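Chemist: what shape does this take:
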Amino acid sequence: MPRPIAERSESEREREGKPRLGFPSLGAGRSPPRTHRSNDREGIWKSPLRRLIMHLMSDLDGPTNSLAPTLLLSMPQLNDPNFKRSVVLLCEHTPEGAFGLVLNRPTGTPAAQLIELEPPLAHDNGLQLWVGGPVEPQRGWILVGDEPTGVEYVGILSGLYLSGSPTLLRRLIEGPPPSRSRFLIGYAGWGPGQLDGELLQSAWLTSDVALDLIFDVDADAMWEAAIRRLGVDPNALQMSPGIH
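Modeler: The predicted structure is shown next:
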């Protein structure tokens, strides 16, 4: 189980091996996510997010072949247990690689049991912890449906925002139970050309991002519901040689 997330400086977390919230460094998508800067001076907002913003700005003037943002729906031949019957929010897809968050892997554990904030949390409304993927399980992510205020975030699309702010996490745990929010650890990452190769091997179906599917459909039913929205019977999906 990952160690607690600490609301401390980045250098302190690195020395102590504590998990941290933040963004990997990837480029912009077909419609670059909108970034919002604030006076939120937390240590998580150092190099990772700044590199992401620089990539977004550099691609604004040129077309890309990115699929992001979109949903990836795993096909039966995808044998990796991390992605079996998974629904992945693809946030970034560039020649340098791809980054996404698995949406249907709940842990059943309240986030407050695994994070460490200073000062300590005054209240726990039971916000659940989800697994966003196998890469960097010490890194935390926050998906919300309402545009955050006073913290830094990336707009994936209208009604869907990604942040790594401990201040926002505190709000979500201490305040009224949010209807459209998710706290995840880890992410799904692909190297240059890797996701494109998997798509050519029919390891994934793609679907438009649907907010109600992300936030309102039970995790156990999400994959099948997403497949059926494409007009496909999940039981009729054709198997091909396995992909690991």
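
Chemist: beta partners for the residue most central in space within the chain?
Modeler: For the chain, the residue nearest the mean C-alpha position is Leu101 (3.3 Å; C-alpha atoms, centre = their mean). Judged by DSSP bridges, the bridge partners of Leu101 are Leu89.

Chemist: is it in contact with Trp141, as I believe?
Modeler: Yes. Counting by C-beta atoms under 8 Å, Trp141 is a contact partner of Leu101 at 6.1 Å. (C-beta placed from N, C-alpha, C; glycine too.)

Chemist: mutual contacts of the two, please.
Modeler: 132, 184, 187 (C-beta atoms under 8 Å, 6 or more residues apart in numbering).

Chemist: secondary structure added to these, as CSV?
Modeler: Listed next are the shared contacts of Leu101 and Trp141 as CSV, based on DSSP: H, G, I helix; E, B strand; the rest coil:
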residue, secondary structure
Gly132, coil
Leu184, strand
Tyr187, strand
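
Chemist: what subset of the residues you listed is buried?
Modeler: Buried residues within the shared contacts of Leu101 and Trp141, counting neighbours by 16 or more other C-beta atoms under 10 Å: 132, 184, 187.

Chemist: quick revisit: can you tell me which of the shared contacts of Leu101 and Trp141 lies closest to Val217?
Modeler: Closest to Val217 out of those is Leu184 (16.2 Å), distances taken as C-beta to C-beta.

Chemist: can you redo the buried ones among the shared contacts of Leu101 and Trp141 as CSV with distance to Leu89?
Modeler: Below are those laid out as CSV (distance: C-beta to C-beta, whole Å):
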residue, distance to Leu89
Gly132, 9
Leu184, 10
Tyr187, 10
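
Chemist: distance to Thr70 and pLDDT for the residues you listed - can I get that in a markdown table?
Modeler: A markdown table is the format used below for those (distance: C-beta to C-beta, whole Å; pLDDT from 0 to 100):
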| residue | distance to Thr70 | pLDDT |
| --- | --- | --- |
| Gly132 | 16 | 96 |
| Leu184 | 18 | 96 |
| Tyr187 | 16 | 95 |
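
Chemist: which SS class is Arg228?
Modeler: Applying three-state DSSP: Arg228 is helix.

Chemist: so how many other residues sit close to it?
Modeler: By the measure other C-beta atoms under 10 Å, the count of residues near Arg228 is 12.

Chemist: thinking it is in contact with Asn235, fair?
Modeler: No. Arg228 lies out of contact with Asn235 (C-beta under 8 Å); the separation is 10.5 Å.

Chemist: which stretches of this structure form strands?
Modeler: Counting by DSSP state E, the chain has strands at residues 5-6, 20-21, 34-36, 70-74, 87-94, 97-102, 106-110, 115-116, 128-131, 135-144, 153-157, 160-163, 181-190, 204-207.

Chemist: now tabulate these in TSV and tack on distance to Trp223.
Modeler: Below are the strands of the chain laid out as TSV (distance: least, C-beta to C-beta, whole Å):
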stretch	distance to Trp223
strand 5-6	28
strand 20-21	27
strand 34-36	29
strand 70-74	7
strand 87-94	5
strand 97-102	11
strand 106-110	13
strand 115-116	28
strand 128-131	14
strand 135-144	18
strand 153-157	20
strand 160-163	19
strand 181-190	15
strand 204-207	10
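
Chemist: can you check which of these gets nearest to Arg170?
Modeler: Of all those, strand 115-116 sits nearest to Arg170, with 9.2 Å by C-beta to C-beta.

Chemist: tell me what the closest one is packed against?
Modeler: For strand 115-116, the packing partners by 3 or more C-beta pairs under 8 Å, 6 or more residues apart in numbering; DSSP states H and E come out as strand 5-6.

Chemist: which residues does the closest residue in space to Gly189 that isn't next to it in sequence bridge with?
Modeler: Leaving aside its sequence neighbours, Gly189 sits nearest to Val135 (C-beta to C-beta, 6 or more residues apart in numbering; 4.3 Å). Taking DSSP bridges, one obtains Tyr187 as the residues bridged to Val135.
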